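Trainee: Kindly return the folded structure for what I paste below:
(chains A and B)
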Protein chains: 2
Amino acid sequence: MLLSGGLDSSTVLAMAQDEGWECHALSFSYGQRHSVELDAARRVAAAAGVTDHVIAEIDLRIFGGSALTADIDVPKHEDVDELGEEIPITYVPARNTVFLAYAVAYAEVLEADAIWLGVNALDYSGYPDCRPEYVEAFERMANLATKRAVEGRPLSLRTPLIDITKAETVRRGLALGVDYSLTRSCYDPDSHGAACGHCDSCLLRLRAFEENGRADPAPYRPSATPA
Amino acid sequence: MLLSGGLDSSTVLAMAQDEGWECHALSFSYGQRHSVELDAARRVAAAAGVTDHVIAEIDLRIFGGSALTADIDVPKHEDVDELGEEIPITYVPARNTVFLAYAVAYAEVLEADAIWLGVNALDYSGYPDCRPEYVEAFERMANLATKRAVEGRPLSLRTPLIDITKAETVRRGLALGVDYSLTRSCYDPDSHGAACGHCDSCLLRLRAFEENGRADPAPYRPSATPA
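Mentor: You can find the predicted model right below:
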């Protein structure tokens, strides 16, 4: 289970456990400017009672160039409708490919049958490595890569959110009892973990709760009155 | 260019430069028990005059279980004919997948057109992630993963050694002037970088030089009289 501590992966964890899977969580410390994501991942993993939670330290900053890992301002908007179709500045090169490669290694050591991840192709903010065709190609590659696959025991990638809206994700998570107050999604939180309310990720999250007629229980900064 | 400092990747670097490519090198510090490989990679990169050489620190030990990264004895043999067909204990889970994922990230930042790597399917010692079908599947996945690919500029994986013998690799490298005294291949070198002469990697390398009627110019330990 790739667990970021955000809304999507926390929901996927609940979905996998609801299906009866024994889950192991994998998170990444990848040169973020903040540890808010990892704190959230730890809280979510602990609350869900996962078997273990490995945090892999990786440093994608050695290659340069993205708002999530370098010192570039995160883009802010007043309204969710301002989000464009273009690939955003917050794009991290090959991020899901690197994360999934580690997951394949971990899965092989665990003899796990599946990797679960919370990618979504609708609210995907223009990341190419969130599309179904990418996930299918990665799965195919992974099943040629490992000793386990050579021995005839394939690994599946499970992406239950890939074709549903974020509002539907929240609806399903609430039905499964996910405590979204533990999760964090903001690209630019303050040092206490409070969300900005205006980055792409905040705007998509706020809209999803609004469409469920619910307030987002995660903390926002006073200046972050939802648009 | 994935550059390990071994015989294969050092030869591939020379082949790419011979074709006129401007090369950037990527090596990994991945919890090895020794830094001999990285020292060799640095020497080879410097001798070849690569544009830059990035060393990524990764730690696959967090997932456990291989002789190359954990504290397990490296298997030794008296003769190359003793090498089995089974996947060896020196297998590192998903190693090439993790390495190539980083290479995709680096290639995207560089706007590189290709990733070159020295995998070989004949002398591959049973690693599933050295086979042509794996490389093709990875390339296909990578071209669905990145902003660059979405924008119609594909990335190719170049594996010029994939179907040639190690003896042929050495023959071509010698013709291109590769200084194999700079390279290291041993799975169990001493602290001075001298090779054991009896691990799978040493046995395959020694045979390749022998088939070219040449002595391997890399250093071996006094006890490492070739079988």
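Trainee: Could you use CA atoms for every contact and neighbour count after this?
Mentor: Will do.
Trainee: helices and strands around the helix or strand containing A:Ala47, which ones?
Mentor: Using DSSP states H and E, the element containing A:Ala47 is helix A:36-48. In terms of contacts (3 or more CA pairs under 8 Å, 6 or more residues apart in numbering or on different chains; DSSP states H and E), helix A:36-48 is packed against helix A:7-18, strand A:25-29.
Trainee: hmm, who's touching whichever helix or strand comes after that helix?
Mentor: On the C-terminal side of helix A:36-48, the nearest following helix or strand under DSSP H and E is strand A:53-57. Residues outside strand A:53-57 that contact it (CA atoms under 8 Å, 6 or more residues apart in numbering or on different chains) are A:His24, A:Ala25, A:Leu26, A:Ser27, A:Phe28, A:Ser29, A:Tyr30, A:Arg42, A:Ala45, B:Ile58, B:Asp59, B:Ile62.
Trainee: Determine the number of other residues adjacent to the fifth one.
Mentor: A:Phe28 has 20 neighbours, counted by other CA atoms under 10 Å in any protein chain shown.
Trainee: Which residues does it form beta bridges with?
Mentor: As for beta bridges, A:Phe28 partners with A:Ala56 under DSSP bridges.
Trainee: if we can go back for a sec, which parts of the helix holding A:Ala47 count as buried, going by neighbours?
Mentor: Buried residues in helix A:36-48, counting neighbours by 16 or more other CA atoms under 10 Å in any protein chain shown, are found at A:Val36, A:Glu37, A:Leu38, A:Asp39, A:Ala40, A:Ala41, A:Arg42, A:Val44, A:Ala45, A:Ala48.
Trainee: for stretch A:16-30, the distance to its chain's centre please.
Mentor: 12 Å (CA atoms, centre = their mean, to the nearest Å).
Trainee: Could you pull up the mean pLDDT of it?
Mentor: Stretch A:16-30 comes out with an average pLDDT of 95.
Trainee: Please pull up the helix or strand immediately following the least confident helix or strand in chain A by mean pLDDT.
Mentor: One helix or strand of chain A scores below all others by mean pLDDT, DSSP states H and E: helix A:147-150, with a mean of 77. As assigned by DSSP H and E, the chain's next helix or strand after helix A:147-150 is strand A:156-158.
Trainee: What values do phi and psi take at A:Tyr220?
Mentor: phi -120, psi 160 (degrees, to the nearest 10).
Trainee: Quickly list what it is bridged to.
Mentor: A:Ala195.
Trainee: what about it, neighbour count?
Mentor: A:Tyr220 has 20 nearby residues by other CA under 10 Å.
Trainee: A:Asp113: which of the helices and strands packed on helix A:36-48 is closest?
Mentor: Nearest to A:Asp113, of all the helices and strands packed on helix A:36-48, is helix A:7-18, at 12.2 Å by CA to CA.
Trainee: Can I get the closest one in PDB, CA atoms only?
Mentor: Only the C-alpha atoms of helix A:7-18 are listed here, as PDB (Å, rounded to 0.1, in the frame of the first residue of the first chain):
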ATOM      1  CA  LEU A   7      -7.200  11.700   1.200                       C
ATOM      2  CA  ASP A   8      -6.900   9.200  -1.700                       C
ATOM      3  CA  SER A   9      -4.400   6.700  -0.300                       C
ATOM      4  CA  SER A  10      -6.000   6.700   3.200                       C
ATOM      5  CA  THR A  11      -9.300   5.800   1.500                       C
ATOM      6  CA  VAL A  12      -7.600   3.000  -0.500                       C
ATOM      7  CA  LEU A  13      -6.200   1.600   2.700                       C
ATOM      8  CA  ALA A  14      -9.700   1.400   4.200                       C
ATOM      9  CA  MET A  15     -11.000  -0.200   1.000                       C
ATOM     10  CA  ALA A  16      -8.300  -2.900   1.000                       C
ATOM     11  CA  GLN A  17      -8.900  -3.700   4.600                       C
ATOM     12  CA  ASP A  18     -12.600  -3.800   4.000                       C
END
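Trainee: so what secondary structure elements neighbour it?
Mentor: helix A:36-48, strand A:114-116, helix A:166-175.
Trainee: Can you redo those as JSON lines, where the extra columns are distance to B:Gly152 and mean pLDDT?
Mentor: Below are these laid out as JSON lines (distance: least, CA to CA, whole Å; pLDDT from 0 to 100):
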{"stretch": "helix A:36-48", "distance to B:Gly152": "33", "mean pLDDT": "95"}
{"stretch": "strand A:114-116", "distance to B:Gly152": "29", "mean pLDDT": "98"}
{"stretch": "helix A:166-175", "distance to B:Gly152": "29", "mean pLDDT": "97"}
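Trainee: for those, which one sits closest to A:Gly152?
Mentor: Per CA to CA, nearest to A:Gly152 of the helices and strands packed on helix A:7-18: strand A:114-116, 14.1 Å.
Trainee: Between the contacts of strand A:53-57, identify the one with the most neighbours.
Mentor: Result: A:Ala45 is most packed of the contacts of strand A:53-57 (other CA under 10 Å), 25 neighbours.
Trainee: where's it relative to B:Lys76, distance?
Mentor: A:Ala45 sits at a distance of 43 Å from B:Lys76 (criterion: CA to CA, to the nearest Å).
Trainee: Where does the prediction get shaky in chain A?
Mentor: Under the criterion pLDDT under 70, the flagged ranges of chain A are A:31-34, A:64-75, A:80-92, A:123-126, A:224-227.
Trainee: what does it have sitting close to chain B?
Mentor: Contact residues, chain A versus chain B (CA under 8 Å from any CA of the partner chain): A:54, A:56-60, A:62-65, A:87, A:93-95, A:97-98, A:101-102, A:104-106, A:108-109, A:127-129, A:133-134, A:137-138, A:140-142, A:144-147, A:150.
Trainee: From these, keep the buried residues only.
Mentor: A:56-60, A:62-65, A:93-95, A:97-98, A:101-102, A:104-106, A:108-109, A:127-129, A:134, A:137-138, A:140-142, A:144-147.
Trainee: so of the residues of chain A next to chain B, which ones are in helices?
Mentor: A:95, A:97-98, A:101-102, A:104-106, A:108-109, A:133-134, A:137-138, A:140-142, A:144-145, A:147, A:150 (DSSP state H).
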